[in-house]
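Student: return atomic coordinates for the entry below.
(chains A and B)
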Amino acid sequence: MVSLDVNGKKYRVDVSPDVPLLWVIREQLGLTGTKYGCGEGLCGACMVHIDGDAIPSCQIPVKDAQGKRITTIEGIPESHPVKLAWIADDVPQCGYCQPGQIMQAVAFLQENPNPSDEDIDNEMGGNICRCGTYQRIRRAIHTASKVMAEGGGK
Amino acid sequence: MSEIINISRRDFMKTGAMIGGGLILGFSLPLRVPTGEAAAAAVPLMPNAFIRIGADDVATIIVNHSEMGQGVYTSLPMLLAEELEADWTKIRVESAPVDTAYNHTVFGMQMTGGSSSVWSEYDRLRKVGAAAREMLIAAAAGTWKVDKASCIAKNGIVIHSSGKSLTYGQLADKAGAMTVPEDVTLKDPSKFKIIGKPTLRLDAPDKVSGQAVFGLDVRVPGMLTAVIARPPVFGAKVVSFKADKARTVPGVKEVVQVPAGVAVVATDFWPARAGRDALKIVWDEGPGATLSTAGMREQYANLAKTSGTVARKEGDPDQALAKAVKHISAGYEVPYLAHATMEPLNCLVDMRTGSCEIWTGTQLQTVDREAAARIAGLKSEQVKIHTTFLGGGFGRRANPQSDFVVESVHVAKAIGKPVKVVWTREDDIKGGYYRPMWFDRIAAGLDADGNPVAWQHTIVGQSIVAGTLFEKMLVKSGVDETSVEGAKDLPYEIPNILVDLHSPKSGVPVQWWRSVGHSHTAFVVESFMDELAHEAGKDPYVFRRNLLAGHTRHRGVLELAAQKAGWGKPLPQGRAHGIAVHESFGSFVAQVAEVSLNPKGKVRVHKVVCAVDCGKVVNPYTIEAQMESGIVFGLSAALHGAITLKNGKVEQSNFNDYEVVRFNEMPEVEVHIVPSKEKPGGIGEPGVPPIAPAVCNALFTLTGKRIRSLPIRAEELKKA
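Tutor: Predicted coordinates:
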């Protein structure tokens, strides 16, 4: 049995301790917003927050996530400025990578609330989008940054 | 603190659907879909197949094209809602089941491809909306016992001249029983309230919340997950396999041989994958083991020296070339490319006695259903396909052999339980169905004034439709039209032209890849045009424009892109502009790329100014997004993309060695739309072709080095 704290809920899951957290979140907890893209930590589609840091969940054996605070895309409020900016700036295309992009952006804006384009390119470098929504993501991160600076959302 | 939720594996199998992303695909058959003869008639008006209006005023539009990012779940409802006079905030979208009612209006099967969704539905969906509107008006007039002419429909309400009104929801039942009008009048475009207006995507909220359901997210009760050990070289066959170790992996339920390889079936993905790793398989690699792309390149280059099947011939190119003052010739080549959709392929099949239910993100429903029915031994109407969101398509999810559906039906049939086959990223990169590798030999002659007088273009590469059900449709007089598109229709005014084709066969499976033949022909044609311009001592933009006198739409986008980019004006030190223009899928796109090169030979594209003429515009936001998207897709191929084979084995495996553009390589993209009254063209693909030549043409201006082989290699540029 593995104990997990995901989006503020406690779970006890009967699963092998070496299974990557990604698959436990998706298949045992049924939280399918976190996506499988590469399995090697190369694409960012599976990004979750572990104690506030954005981490590719395909690289974390579930046993190592025990006792930590895990947040998935479903745990980010729909009123969060990043989510709202993603909709207002019409970011998604196929949409598959976007939960991972959002998780990375939310964590990174905590550290750097007023990023430059260059900061965004560096901090978002682990997240691939094959539809090429990068320019819109840059725009949406700036939008969210402004809203957050004005005290909106949260 | 919330209660502790205990999840044992067994419980989850029973209740999994209740917990999360399970059975939330609320697909239901629309009411009264005509079947048989009625459905077979030529594009009949069937509002009931496309709209369902509830008592709550919600208008659900059933969309028959697959949403893979290109925005059809917004642009197609816009067409219908415009004529319906619907309240846009009450529009919902549902994916269509498989039925002839939903066939493509031109291609005669249910499918999404060829950048055809909007133009092929432009009339039908507006007519459907108009018919439904008339039925709602008739229902209101009937209720009030007044003349229809005294009623109008507006924003989801029918209003009588007296001022009384009823909502569509209140009228829906009665309207459903009305006769479908045989003829409807469509609105004058000057009255459009939705079409042509920038409209946010309807699917964005679900894609942002994480609730959007892709194929990989679907679960059904009792479902198992399979991973298939696939042939190490194309065409290899299983001789024997040992599964004893695989079977000891906790969670592994079955190991079965299927035509695609050996499937390990488990409770979940991870044990299935671990089980696959534990398999011992003896393969007969067959002739595929001798394949190498280096060897194929030699073969192609030799073939390109010989005459192929003629695709276009005008004048006497041989003689004109002989007489020309200046001769220029070159060989161009591009590699195999994987689609690398972000969502790896997957397909869930639940086969029962007399039925087969499939959940997958597909672009080719009719073909997949027929294929599934054949394997399952069922009639096609016994097979149901639920089309989920597609985590990228780019052509890969329109497989003429229905590969990812067929193999999943085989596994489901073998184990007798619902099962989802999941591809790993490595399976995807190594799995074939690539954009073909191409080699082009091209020669031209210039007269004393630097005008091109002869053009000879020989193309060598596999046919993507040979041996498929699309061969009849797309191979004409021995020429696969998809191999020569963008070359055969060379727009430049050159009096003597020859375009010919060799279609060598190979064991490497190939398929359409976003923009298909144009993905290579635009690179060759637009790069070589640049070579000619430089040879003629002319400005590459002016050179093109002068040869496009009879092609106003090409010229229109070329001029707009050049003007908006400030063509000819000074750029910051170390930067140069390159330009390219190309028509594909009924739309015209020109791009100007602003490029620099660092001392290590790394290319940086700073900005792309893109002009597009796609005829009448439905959603300007979609057009901008698709131009950005096409540019990034094409740039990934230009800067990084290559699938290579050695001793039959694909040398790439994941995003570490099959790289794609990331944030740090994303140029600023500026899109300008040419206002047009022409019929709508495609938009999903036409942004791709011009970017590679635009970038390479800029690199020539920067370095004097002509890139004739993609992807662009730093070593090549350092030699400059």
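Student: which residue is the nearest non-sequential neighbour of the residue of the stretch 451-600 of chain B found nearest chain A?
Tutor: At 9.8 Å from chain A, residue B:514 is the closest residue in the stretch 451-600 of chain B, using Cβ to the nearest Cβ. (Each C-beta comes from the backbone N, C-alpha and C, glycine too.) Distance criterion Cβ to Cβ, 6 or more residues apart in numbering or on different chains; nearest residue to residue B:514, sequence neighbours excluded, is residue B:394 at 4.3 Å.
Student: my guess is the one you found contacts residue A:130. True?
Tutor: Yes - between residue B:394 and residue A:130 there is a contact under Cβ atoms under 8 Å: 7.4 Å.
Student: mind listing what the residue most central in space within chain A touches?
Tutor: Most central residue of chain A, judged by C-alpha distance to the mean C-alpha position with Cα atoms, centre = their mean, is residue A:103 at 2.2 Å. Each residue near residue A:103 by Cβ atoms under 8 Å, 6 or more residues apart in numbering or on different chains is listed here: A:47, A:48, A:49, A:54, A:71, A:72, A:73, A:76.
Student: please apply the same query to residue B:55.
Tutor: Applying Cβ under 8 Å, 6+ apart, the residues near residue B:55 are B:169, B:170, B:172, B:173.
Student: same thing but 10 Å
Tutor: By Cβ atoms under 10 Å, 6 or more residues apart in numbering or on different chains, residue B:55 lies in contact with B:167, B:168, B:169, B:170, B:172, B:173.
Student: what about the second one, how many residues nearby?
Tutor: Other residues within reach of residue B:168 by the criterion other Cβ atoms under 10 Å in any protein chain shown amount to 29.
Student: do the same with the fifth one
Tutor: Residues contacting residue B:172 under the criterion other Cβ under 10 Å number 22.
Student: ramachandran coordinates for the residue of the stretch 451-600 of chain B closest to chain A?
Tutor: phi -20, psi 110 (degrees, to the nearest 10).
Student: that one: neighbour count?
Tutor: Neighbours around residue B:514, by other Cβ under 10 Å: 27.
Student: residue A:68 too?
Tutor: Counted with other Cβ under 10 Å, residue A:68 comes out at 17.
Student: distance check, it against chain B.
Tutor: Separation of residue A:68 from chain B (Cβ to the nearest Cβ, to the nearest Å): 16 Å.
Student: isn't that residue right next to residue A:5, touching?
Tutor: Yes - contact status for residue A:68 versus residue A:5: in contact at 6.9 Å, counting by Cβ atoms under 10 Å.
Student: can you pull out the low-pLDDT segments for the chain?
Tutor: You didn't say which chain, so I picked chain A. A:152-154 (pLDDT under 70).
Student: that's the other chain; I wanted chain B
Tutor: Across chain B (using pLDDT under 70), the flagged ranges come out as B:1-46, B:719-720.
Student: who's in contact with the residue nearest the centre of it?
Tutor: Residue closest to the average C-alpha location in chain B (Cα atoms, centre = their mean): residue B:394, at 3.4 Å. Listed by Cβ under 10 Å, 6+ apart, the contact set of residue B:394 reads A:94, A:130-131, B:68-70, B:337-341, B:363, B:435, B:511-515, B:629, B:633, B:684-685, B:688.
Student: any idea how far stretch B:235-249 is from the middle of the chain?
Tutor: The chain centre lies 35 Å from the centre of stretch B:235-249; the measure is Cα atoms, centre = their mean, to the nearest Å.
Student: go on, stretch A:52-60?
Tutor: Offset of stretch A:52-60 from its chain centre (Cα atoms, centre = their mean): 9 Å.
Student: what about it, start to end distance?
Tutor: Using Cα to Cα, to the nearest Å, one end of stretch A:52-60 lies 15 Å from the other.
Student: next, the buried residues of it.
Tutor: A:54, A:55, A:56, A:57, A:58, A:60 (16 or more other Cβ atoms under 10 Å in any protein chain shown).
Student: convert stretch B:418-435 to PDB, retaining C-alpha atoms only.
Tutor: Output in PDB follows, covering the C-alpha atoms of stretch B:418-435 (Å, rounded to 0.1, in the frame of the first residue of the first chain):
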ATOM      1  CA  PRO B 418     -12.100  -5.000 -23.100                       C
ATOM      2  CA  VAL B 419      -8.600  -3.800 -23.700                       C
ATOM      3  CA  LYS B 420      -6.800  -0.600 -24.600                       C
ATOM      4  CA  VAL B 421      -3.600  -1.000 -26.700                       C
ATOM      5  CA  VAL B 422      -1.200   1.800 -25.800                       C
ATOM      6  CA  TRP B 423       1.900   2.800 -27.900                       C
ATOM      7  CA  THR B 424       4.900   4.000 -26.000                       C
ATOM      8  CA  ARG B 425       6.700   7.100 -27.400                       C
ATOM      9  CA  GLU B 426       9.400   4.700 -28.600                       C
ATOM     10  CA  ASP B 427       6.800   2.600 -30.400                       C
ATOM     11  CA  ASP B 428       5.600   5.800 -32.100                       C
ATOM     12  CA  ILE B 429       8.900   7.000 -33.300                       C
ATOM     13  CA  LYS B 430      10.000   3.600 -34.500                       C
ATOM     14  CA  GLY B 431       6.700   2.500 -35.800                       C
ATOM     15  CA  GLY B 432       6.800   3.700 -39.400                       C
ATOM     16  CA  TYR B 433       4.000   5.300 -41.400                       C
ATOM     17  CA  TYR B 434       6.400   8.200 -41.900                       C
ATOM     18  CA  ARG B 435       6.400  11.100 -44.300                       C
END
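Student: reformat the contacts of residue B:55 into JSON lines and put distance to residue B:195 and secondary structure next to each item.
Tutor: Output for the contacts of residue B:55, formatted as JSON lines (distance: Cβ to Cβ, whole Å; DSSP: H, G, I helix; E, B strand; the rest coil):
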{"residue": "B:167", "distance to residue B:195": "23", "secondary structure": "strand"}
{"residue": "B:168", "distance to residue B:195": "19", "secondary structure": "helix"}
{"residue": "B:169", "distance to residue B:195": "24", "secondary structure": "helix"}
{"residue": "B:170", "distance to residue B:195": "26", "secondary structure": "helix"}
{"residue": "B:172", "distance to residue B:195": "24", "secondary structure": "helix"}
{"residue": "B:173", "distance to residue B:195": "29", "secondary structure": "helix"}
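Student: one step back: quick check: the residue nearest to the centre of chain A is in a helix.
Tutor: Yes - secondary structure of residue A:103 (DSSP: H, G, I helix; E, B strand; the rest coil): part of a helix.
Student: mind giving me the packing neighbours of the helix ranked longest in chain B?
Tutor: If you go by DSSP state H, chain B has its longest helix at helix B:117-144. Counting contacts by 3 or more Cβ pairs under 10 Å, 6 or more residues apart in numbering or on different chains; DSSP states H and E, helix B:117-144 packs against helix B:47-50, strand B:51-53, strand B:59-63, helix B:72-84, strand B:151-154, strand B:157-160, strand B:165-167, helix B:168-176.
Student: who's in contact with the very next helix or strand once past the last one?
Tutor: Using DSSP states H and E, the helix or strand that directly follows helix B:168-176 along the chain is helix B:204-209. Counting by Cβ under 10 Å, 6+ apart, helix B:204-209 makes contact with A:33, A:73-74, A:76-78, A:80, A:82-99, A:101-102, A:140, B:67, B:69, B:73-74, B:93, B:201, B:211-214, B:389, all of which sit outside it.
Student: and helix B:204-209, what's buried?
Tutor: B:204, B:205, B:206, B:207, B:208, B:209.
Student: gap between it and the chain center?
Tutor: Centre-to-centre, helix B:204-209 and its host chain are 21 Å apart (Cα atoms, centre = their mean).
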